[in-house]
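> okay, predicted coordinates and the sequence, questions at the end:
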Amino acid sequence: MIVVIEGGDQAGKLTQSTMLEKALKKRKIKTKLFHFPDYKTPVGKEIRQYLNGKRKFPPQAIHCLLAANRWEKLGEILAAKEKNSVLIMNRYYHSNLVYGIANGMDQKWLENLDAGLPKADLVILLDVTQKESFRRQRTKRDKFEKNEEFLRKISDIYRATARKKRWKIIDASKSKKEIHEEIMRIFSKKIGL
């Protein structure tokens, strides 16, 4: 099973992905956590340079790189799928779709970049407002995180896509504990616990 934790910047994806991983391992459920973008890979290093303003790419190129970052991890994802009951993705191909649409890219083109990757079984959107995002981190924001208007657009597209694709939506302004409990309820219901 692949569980994806999605959301805008500073929504708590890393925190909640890690908490979910710990909770499942505590219940003896074999689990592996992936983070995208993965900045340790060759493609991931290019993405990091771009986000830090040290590289310039047209939107099509950065979205191709974001997809390539997942493809370069495919072997690892498939191997982990063999050994584990649950894979948790701290972002996956869904964020490329949302950010790509916000950048004016064609939805079909974006979806084709990731066609063939293992599909998500459960997508949970941590819905955060721009105000809350900026309250959580005021400085050291990357290229995508600095523009408030762009972030508002991201939030709107995330919500619309989540409703259309029937993702689970959680209000990310709640406490870490409340959000985690809600994720556990959604997860348990999905696997019939």
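That came through, no problem. All figures in this text were calculated on a predicted structure; none of them were measured in a lab.
> make it CA atoms for all contacts and neighbour counts henceforth
Fine.
> give me the neighbour count for R27.
Burial of R27, expressed as a neighbour count using other Cα atoms under 10 Å, amounts to 8.
> for it, grab phi and psi.
phi -90, psi 10 (degrees, to the nearest 10).
> and it, how far from L20?
From R27 across to L20, the span is 11 Å (Cα to Cα, to the nearest Å).
> please apply the same query to N112.
29 Å.
> repeat for Y99
From Y99 over to L20 (counting by Cα to Cα), the distance is 25 Å.
> off-centre distance for the top helix by length along the chain?
Secondary structure of the chain per DSSP state H: the longest helix is helix 148-165. Distance of helix 148-165 from its chain centroid, counting by Cα atoms, centre = their mean, to the nearest Å, is 13 Å.
> what do you get for stretch 104-113?
On Cα atoms, centre = their mean, the centre of stretch 104-113 falls 17 Å from that of its chain.
> contacts for it next, please.
Stretch 104-113 has contacts (Cα atoms under 8 Å, 6 or more residues apart in numbering) with 59-60, 63-64, 67, 96-97, 100-101.
> just the pLDDT for I62.
For I62, the model assigns a pLDDT of 95.
> how about the nearest residue to it, chain neighbours excluded?
Counting by Cα to Cα, 6 or more residues apart in numbering, I47 is the residue found nearest to I62 once chain neighbours are left out, at 7.2 Å.
> and L125, how far from L66?
Per Cα to Cα, L125 is found 19 Å from L66.
> check L113 too.
Taking Cα to Cα, one finds L113 at 9 Å from L66.
> who's more crowded, these two?
Taking other Cα under 10 Å, L113 and L66 do not tie; L66 has more neighbours (23 against 19).
> which ones are touching that one?
With Cα under 8 Å, 6+ apart, L66 has these contacts: 37, 44, 47, 96.
> surely the last one is in contact with A67?
Yes - contact between N96 and A67 holds when scored by Cα atoms under 8 Å: they sit 7.3 Å apart.
> got any residues that touch both of the two?
Between them, N96 and A67 share no contacting residue, judged by Cα under 8 Å, 6+ apart.
> from the contacts of stretch 104-113, which land in helices?
Reading helices off these with DSSP H, I get 59-60, 63-64, 67, 96-97, 100-101.
> drop anything exposed from these.
Applying 16 or more other Cα atoms under 10 Å to the ones in helices among the contacts of stretch 104-113, the neighbour count classes 63, 67, 96-97, 100-101 as buried.
> want to throw the residues you listed into JSON lines with distance to M89?
Formatted as JSON lines, those follow (distance: Cα to Cα, whole Å):
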{"residue": "H63", "distance to M89": "18"}
{"residue": "A67", "distance to M89": "14"}
{"residue": "N96", "distance to M89": "13"}
{"residue": "L97", "distance to M89": "15"}
{"residue": "G100", "distance to M89": "19"}
{"residue": "I101", "distance to M89": "21"}
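> those residues: which two are farthest apart?
A67 and I101 (14.3 Å; Cα to Cα).
> P58 versus the residue nearest to I62, what's the distance?
For I47, the distance to P58 - Cα to Cα - is 12 Å.
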